[in-house]
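K.L.:
My questions are about this predicted structure, shown below with the sequence.
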Amino acid sequence: MIKFFRHIRKSLLMENQTGKYFKYAIGEIILVVIGILIALQINNWNEEAKARIIELDILNEIKLSLSRDLEDLELNLLAHNKILRSQNILVEWFKTDKTYSDTLAFHFAKINHQTEFISNDGAFETLKSMGLRTLSKDSIRIRLLRIYDLRFQIYREFEGYYRTNLAYIIKTIN
């Protein structure tokens with residue numbers, strides 16, 4: 001192909017047709033520019049495809065982390081419900097003049113039980129280190145920020161409040 005263009009160029013110069021030569025040269029420059037633009041576009045498509053693959057990988061990791069967090073929260077809620085039942089049984093026992101029984105020991109031990117929510121935020125931290133703009137949808141980015149920066153913080157504060165009150169209640173009971 002290069003020999004073909006070289007042959008055309010030489011023949012135009014030998015025939016002393018400079019006007020046609022300049023038209024040919026401009027056409028060749030335009031072809032080179034078009035080729036470069038096509039190569040850049042293909043490169044951009046490849047980079048966008050790689051970015052989407054990375055985005056999907058991170059979103060899948062975050063989805064797995066959130067499902068584990070949900071399981072942990074459900075277990076904690078179940079444990080808190082059991083603790084609450086034991087607390088209610090003990091409150092009723094304190095209100096009445098019933099004698100102490102061995103089943104109350106179980107409930108006294110149960111109210112000492114504590115849970116701790118530990119979020120699996122490794123994937124979200126990876127996303128933050130890569131830049132939150134890695135996500136193509138603003139709505140997903142906003143929801144993740146609400147979950148990790150607001151809701152999980154509220155859960156941790158609630159647990160701190162719960163531990164403080166539980167320690168006070170246990171100290172009072174003892």
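P.N.:
Arrived safely, thanks for sending.

K.L.:
ok, and what's touching stretch 94-104?
P.N.:
Here stretch 94-104 makes contact (Cβ atoms under 8 Å, 6 or more residues apart in numbering) with Ile89, Leu90, Trp93. Every residue, glycine included, has its C-beta placed from N, CA and C.

K.L.:
Equivalent analysis for stretch 127-145, please.
P.N.:
Contact with stretch 127-145 is made by Ala51, Arg52, Ile54, Glu55, Ile58, Leu59, Ile62, Phe124, as judged by Cβ under 8 Å, 6+ apart.

K.L.:
Restrict the residues you listed to the buried ones and give me that as a PyMOL selection.
P.N.:
Buried subset of those, written as a PyMOL selection, criterion 16 or more other Cβ atoms under 10 Å:
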select buried, resi 55+58+59+62+124
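
K.L.:
Let me have the contacts of stretch 127-145 in TSV, extended by secondary structure.
P.N.:
As requested, these are exported to TSV (DSSP: H, G, I helix; E, B strand; the rest coil):
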residue	secondary structure
Ala51	helix
Arg52	helix
Ile54	helix
Glu55	helix
Ile58	helix
Leu59	helix
Ile62	helix
Phe124	helix
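
K.L.:
Poorly predicted segments of the protein, please.
P.N.:
1-2, 4-6, 8-10, 12-18, 21, 173-174 (pLDDT under 70).
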